[in-house]
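Visitor: Predicted coordinates and the sequence they were generated for:
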Amino acid sequence: MTSTQQQSQTAEEIEQYDVIIIGAGVTGLYALWRLRQLGFSAHSFEEGSGVGGTWFWNRYPGCRFDSESYTYGYSFSEELLQEWDWKEHYSGQPENERYLNYVADKFDLRRDIRLNSRVMSAVFDENENRWEVVMEDGYRARGQFLVTSVGILSAGYVPEFEGKDSFKGVSCHTGRWPQEGVDLAGKRVGVIGTGASGVQLITEIAKEVSHLTVFQRTANFCAPLRNSPIDDETQREIKENFPEIFKKCLETPGSFVHEFDPRSAMSVTPEERLEQYERLWQKSGFAKWLSNFYDVMMPGEANEDYAEFFRNKIRERVNDPVVAEMLVPKTHMFGSKRLPCESGYYEVFNQDNVLLVDVREAPIERITPAGIKTKDAEYNLDVIVFATGFDAVTGSLNRVDIRGEGGQTLKDKFANGPRTYMGVQSAGFPNLFTINQASVGNFVRAAEPLVDWVTEAMAYVRDNEYSLISASPQAEEEWTQHVADAGAKILRSQADSWFVGANIPGKARGLLTAPDTAPVMRAKRDDVAANGYEGFLLQ
Ligand code: NA7
């Protein structure tokens, strides 16, 4: 940005809104719609040159949903539900981006979205009780409330490999895939990382590259996605059944359409157990995980039993037993990381032009001008893809210099992990709603009710002639303790993953989202609202 491009406004020229939203992804778009319905003036500032957030940025080959398409879309408009035809059971990124653009157009959201607007700072003005945000181009705006719809997985992470910038070929991160694409046909490509993004990308690009080197640190439990087109008959059924589909999603722990089997895996015979495992294995998506015996998702014997079934499925698909053993996960419990869903991932390693490198065994020492050097060998590459994940949840907040009362920064306050009340507010940051904190699971299903709650809280402040709402220090302390205590016990906290910040060197370890199930979180929030926003200070 040159100084001539910098925007400068006089105090009078600075736009004033009731609510400023950072981001125009799935949550930001819905927040904008909802705030309008409630009579607020709201404006969203979005870093991208288009709307869609995750589905705008993650345009790497193979990127697609792992939730069923029709459970992921918005539920707020019956007209939208009936108009939009999901073409596949697990829709791909181009279609998902089209959907979010369709929503932005249909509900005329664009007039309140400023694109190409990376928010650099957000400062609370204690004299005026307003938040002022400043974009990268110098543009300023002010609002009574600030909503950070910045996503939980949007601050991409590239490890600090020595010589990172010396590489002479093309390199990019999956979460910032160039809009014009990357020419991979006939190229020697190296991919670092085998999480959900890496697994999707590797499977897709193995079809066109001349040679692929996969740098794997931890093998994952990857499940067959079994995607397929949605035929007309199924489309009709889905459209007739949206109320039941959404009702079911709202009742399950992670807002997915799959329900656990209430039986313990260990309460049935080994034959019955295996029959269920095999039956679920043939199903699409997360059924193999979330429709299984309930205790498969708890640390213990059932979890290990199913893990071994899974490991054998991997062994069956990989021809070379040495490579197969490298791909079999042994260092973390099944389900302690989100399951990458795949469509031919393991067969990729049967191709002659694909090499699997274990970088736990032989760590990457440096990036060189010609490629990647590990402890054992040097790999010459034309393209390096960093499928190395995200600085989850707090990373995207920390990219904005957020300053609350007394000038304290949110980054400093969260230095040892997030300190919030129910994931939505932090004491000393009045009228700031950090809605990227509250839950994981089937994202939109969890996000819609959360946005409803947050926007209704703002309406409560307005309608009762308050001007400020902020988490009380005591409520924050109790919630933070609850996250630490309950969070330590759940399966999601057991592996070294982004769920607990363990993928980022130096980041404090701790659950970054709520430890409670989605129904429990909704009930807790409802109680808080019913009790006059208990735990919040209103002035
Ligand atoms: P993930 O799941 O965080 O995966 C990142 C991958 O990158 C993972 O395999 C990491 O290995 C690997 N990684 C990270 N740093 C390094 C270094 N220094 N050396 C080698 N390998 C490294 O991110 P994704 O983008 O795949 O998926 C994120 C979410 O998106 C996913 O959970 C779904 O919800 C959708 P590690 O396992 O840490 O050993």
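Guide: Cool, the structure landed. Since the structure is predicted, the reported quantities are computational estimates derived from the model, not experimental observations.

Visitor: okay, CA-based contacts and neighbour counts for the rest of this
Guide: Will do.

Visitor: can I get the CA coordinates of the lengthiest helix in the chain in CSV?
Guide: Ordering each helix of the chain by length in residues (DSSP state H) puts helix 443-463 first. Taking Å, rounded to 0.1, in the frame of the first residue of the first chain, the C-alpha atoms of helix 443-463 are listed here in CSV:
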residue,chain,number,x,y,z
PHE,A,443,-20.1,-25.2,11.6
VAL,A,444,-23.2,-23.4,10.2
ARG,A,445,-25.5,-25.4,12.4
ALA,A,446,-23.6,-24.2,15.5
ALA,A,447,-23.0,-20.7,14.1
GLU,A,448,-26.6,-19.8,13.3
PRO,A,449,-28.0,-20.1,16.9
LEU,A,450,-24.9,-18.4,18.3
VAL,A,451,-25.3,-15.4,16.0
ASP,A,452,-29.0,-15.4,16.9
TRP,A,453,-28.1,-15.2,20.6
VAL,A,454,-25.4,-12.5,20.1
THR,A,455,-27.6,-10.3,18.0
GLU,A,456,-30.5,-10.7,20.5
ALA,A,457,-28.1,-9.7,23.3
MET,A,458,-27.4,-6.5,21.4
ALA,A,459,-31.1,-5.8,20.9
TYR,A,460,-31.6,-6.4,24.6
VAL,A,461,-29.0,-3.7,25.3
ARG,A,462,-30.6,-1.3,22.9
ASP,A,463,-34.2,-2.0,23.9
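
Visitor: The closest residue to residue 107 other than its chain neighbours - how many residues pack around it?
Guide: Nearest residue to residue 107, sequence neighbours excluded (Cα to Cα, 6 or more residues apart in numbering): residue 33, at 7.4 Å. Residues lying near residue 33 (other Cα atoms under 10 Å) number 19.

Visitor: can you check the one 5 residues further on too?
Guide: Close neighbours of residue 38, defined as other Cα under 10 Å, add up to 12.

Visitor: so what pLDDT did it get?
Guide: pLDDT, residue 38: 98.

Visitor: Next up, the contacts around it.
Guide: Applying Cα atoms under 8 Å, 6 or more residues apart in numbering, we find residue 38 in contact with 455, 459.

Visitor: returning to what we had before: and the residue nearest to residue 107, helix, strand or coil?
Guide: Secondary structure, DSSP: H, G, I helix; E, B strand; the rest coil: residue 33 is helix.

Visitor: oh, and call the first residue 857 from now on, that's how I've got it
Guide: Renumbered: residue one is now 857, and that last one reads residue 889.

Visitor: Low-confidence stretches in the stretch 1157-1306 of the chain?
Guide: Applying pLDDT under 70 to the stretch 1157-1306 of the chain flags residues 1293-1295.

Visitor: Revised request: answer the last question for the chain.
Guide: In the chain, residues with pLDDT under 70: 857-861, 1293-1295.

Visitor: Could you check how far residue 1225 is from the ligand?
Guide: 18 Å (Cα to the nearest ligand atom, to the nearest Å).

Visitor: OK, contacts around that residue?
Guide: 1019, 1022, 1023, 1024, 1025.

Visitor: Mind checking which of those residues are buried?
Guide: Using 16 or more other Cα atoms under 10 Å as the burial test, the contacts of residue 1225 include residue 1023 as buried.

Visitor: and the contacts of residue 1225, which of them are in helices?
Guide: Among the contacts of residue 1225, no member lies in helices (by DSSP H).

Visitor: In JSON lines, list the contacts of residue 1225 along with distance to the ligand.
Guide: As requested, these are exported to JSON lines (distance: Cα to the nearest ligand atom, whole Å):
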{"residue": "1019", "distance to the ligand": "13"}
{"residue": "1022", "distance to the ligand": "17"}
{"residue": "1023", "distance to the ligand": "16"}
{"residue": "1024", "distance to the ligand": "20"}
{"residue": "1025", "distance to the ligand": "19"}
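
Visitor: roughly how far out does the longest helix of the chain sit from the chain middle?
Guide: Distance of helix 1299-1319 from the chain centroid (Cα atoms, centre = their mean, to the nearest Å) equals 19 Å.

Visitor: Can you classify residue 1223 by secondary structure?
Guide: Per three-state DSSP, residue 1223 ends up strand.

Visitor: my guess is it meets residue 1023, correct?
Guide: Yes: judged on Cα atoms under 8 Å, residue 1223 makes contact with residue 1023 at a distance of 6.5 Å.

Visitor: ok, now which ones touch the residue nearest to residue 1366 when sequence neighbours are not counted?
Guide: Nearest non-adjacent residue to residue 1366, counting by Cα to Cα, 6+ apart: residue 1356, 4.7 Å away. Residues counted as contacts of residue 1356 (Cα under 8 Å, 6+ apart) are 1349, 1365, 1366, 1367, 1368.

Visitor: what's the distance between the fourth one and the ligand?
Guide: To tie it back to what came earlier, the one meant is residue 1367. With Cα to the nearest ligand atom as the criterion, residue 1367 and the ligand are 14 Å apart.

Visitor: Please tell me how far the closest residue to that residue other than its chain neighbours sits from residue 1163.
Guide: Spatial nearest neighbour of residue 1367, excluding adjacent residues (Cα to Cα, 6+ apart): residue 1356 at 4.4 Å. Using Cα to Cα, to the nearest Å, residue 1356 is found at 22 Å from residue 1163.

Visitor: Which residues are in contact with the residue nearest the centre of the chain?
Guide: The chain has residue 1009 as the residue nearest its centroid, 4.1 Å off, counting by Cα atoms, centre = their mean. Neighbour list for residue 1009: 910, 1246, 1247, 1248, 1249, 1252 [criterion: Cα under 8 Å, 6+ apart].

Visitor: hey, where'd the helices end up in the stretch 1207-1356 of the chain?
Guide: 1250-1254, 1266-1269, 1299-1319, 1329-1345 (DSSP state H, counting those that start in this stretch).

Visitor: which residues does residue 1392 bridge with?
Guide: Counting by DSSP bridges, residue 1392 is bridged to residue 1327.

Visitor: Work out the gap between the helix or strand where residue 1145 lies and the centre of the chain.
Guide: In this assignment (DSSP states H and E), residue 1145 forms part of helix 1143-1146. What separates the centre of helix 1143-1146 from the centre of its chain is 19 Å, taken as Cα atoms, centre = their mean.
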